[in-house]
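S.K.: Okay, here's the prediction I keep looking at, along with the sequence it came from:
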Amino acid sequence: MEIIYGRNPVYETLRANRREIHGLVIAQSLQASSRIDEILQISRSRNIPAKHVPRASLDKMADGHQGVILQTGRYNYSTVDEILENAAALNQPPFVLLLDTLQDPQNLGTLLRTAEAVGIHGVILPSKRSASVTPAVVNASSGASEHLLIAQANLAQSITWLKKEGVWVIGLEGKSGALLPEQVQLSGPVALVVGNEASGMRHLVRKSCDQLMQLPLVGKIDSLNAAVAGSIALYMAMFKRLIPGA
């Protein structure tokens with residue numbers, strides 16, 4: 001059993017309705033709010049058992065719970081095929097995000113939240129040596145992870161499969177020598193690859209990409225956080241998809 005905590009993560013988990021739900025735990029004398037009312041309404045409509053307990057009991061279960069905790073089953077991962085099927089069902093060219101061994105749950109959560117906001121059809125994580133969809137990641141994504149199709153797979157093999165399906169794969173590169181955004185094919189069927197916070201993409205993953213893209217930096221710093229850079233790149237791709245020729 002997992003513990004999803006925080007008002008927005010709990011609400012989005014209930015709204016997505018993709019996990020097995022065991023129960024809801026609410027702090028006694030919790031101040032009323034529209035979000036809490038929505039959580040309780042969904043819970044009643046689905047006959048989810050709810051317990052009201054002293055806040056100290058929730059403090060022992062999770063930090064930053066905001067007075068509400070959802071007891072759930074584990075996150076249900078998808079497959080690469082299901083991600084492509086999702087794009088086809090929407091009659092849209094595939095838009096995929098691959099994350100190469102990100103370690104920080106906050107970075108993963110931030111990128112998942114951005115991915116959901118820009119309409120990503122699915123996210124692919126490595127099956128090893130990477131942060132996964134834990135309660136901390138759900139919280140960092142403000143619950144956006146619950147609305148996404150997320151697969152765990154070998155990234156190099158996934159890239160090969162995506163390319164066979166006509167998807168153009170672009171790796172986000174922090175080193176000089178990579179192409180600038182205006183030189184890169186960001187519209188149409190596209191997959192973006194964001195590498196590890198410290199070392200970037202692994203060699204085989206980088207080598208498998210069709211193009212490498214760097215974000216221009218005109219200030220005094222020489223790099224961006226992986227989640228920030230990835231989020232910027234995702235929005236660049238979204239605008240290209242929405243406004244062809246932009």
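M.R.: All right, it came through fine. Computed from a predicted model, the values in this text were never measured in an experiment. Numbering: from 1, shown residues only.
S.K.: which is the next helix or strand following the helix or strand where Leu58 lies?
M.R.: Secondary structure here is read from DSSP states H and E; on that basis Leu58 sits in helix 55-61. Note on helix 55-61: by DSSP H and E, the next helix or strand toward the C-terminus is strand 68-72.
S.K.: Give the rounded mean pLDDT of that next one.
M.R.: Confidence over strand 68-72 (mean pLDDT, whole number) is 97.
S.K.: what does stretch 37-46 give?
M.R.: 96.
S.K.: picking up where we left off before, helices or strands next to the helix holding Leu58 in the packing?
M.R.: Helices and strands touching helix 55-61, as assessed by 3 or more C-beta pairs under 8 Å, 6 or more residues apart in numbering; DSSP states H and E, comprise strand 2-5, strand 21-27, strand 68-72. Any C-beta I mention is one placed from the backbone N, CA and C, and that applies to glycine too.
S.K.: one more time with 7 Å, if that's ok
M.R.: Contact here means 3 or more C-beta pairs under 7 Å, 6 or more residues apart in numbering; DSSP states H and E; on that basis helix 55-61 packs against strand 21-27.
S.K.: C-terminal to the strand it packs on, which secondary structure element comes first?
M.R.: Beyond strand 21-27 toward the C-terminal end (DSSP H and E), the next one is helix 34-45.
S.K.: From the centroid of the chain, which residue is nearest?
M.R.: With the centre of the chain defined as its mean C-alpha position, the nearest residue by C-alpha atoms, centre = their mean is Leu112, 1.8 Å away.
S.K.: What helices and strands are in contact with the helix or strand hosting that residue?
M.R.: Secondary structure assigned from DSSP H and E places Leu112 in helix 105-118. Under the contact criterion of 3+ C-beta pairs under 7 Å, 6+ apart, the helices and strands touching helix 105-118 comprise strand 95-99, helix 135-140, helix 226-242.
S.K.: Mean pLDDT and distance to Ala117 added to these, as TSV?
M.R.: Putting these into TSV (pLDDT from 0 to 100; distance: least, C-beta to C-beta, whole Å) gives the following:
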stretch	mean pLDDT	distance to Ala117
strand 95-99	98	12
helix 135-140	97	14
helix 226-242	94	8
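S.K.: For the helix holding Leu58, which outside residues touch it?
M.R.: Applying C-beta atoms under 7 Å, 6 or more residues apart in numbering, the external contacts of helix 55-61 come out as 3, 25, 27-28, 65, 67, 69.
S.K.: Centre of the chain to it, how far?
M.R.: The gap between where helix 55-61 is centred and where its chain is centred comes out at 28 Å by C-alpha atoms, centre = their mean, to the nearest Å.
S.K.: I'd like the distance between the residue of the chain positioned farthest from its centre and Leu97.
M.R.: Distance from the C-alpha centroid of the chain, by C-alpha atoms, centre = their mean, peaks at Ser29 (33.5 Å). With distances defined as C-beta to C-beta, to the nearest Å, the gap from Ser29 to Leu97 amounts to 42 Å.
S.K.: could you list every residue that touches Ile83?
M.R.: With contacts defined as C-beta under 7 Å, 6+ apart, the neighbours of Ile83 are 96, 121-122, 149, 151.
S.K.: same thing with Trp168?
M.R.: Contacts of Trp168 (C-beta under 7 Å, 6+ apart): 185, 188-190, 210.
S.K.: Of those residues, which belong to strands?
M.R.: Secondary structure assignment by DSSP state E places Val190 of the contacts of Trp168 in strands.
S.K.: Would you confirm that Leu84 contacts Lys164?
M.R.: No - shown here, Leu84 and Lys164 do not form a contact pair, counting by C-beta atoms under 7 Å, at 10.5 Å.
S.K.: Which stretch among the helices and strands packed on helix 105-118 is buried most, on average?
M.R.: Scoring those by mean neighbour count under mean count of other C-beta atoms under 10 Å gives strand 95-99 as the most buried, with a mean of 27.
S.K.: Thank you, goodbye.
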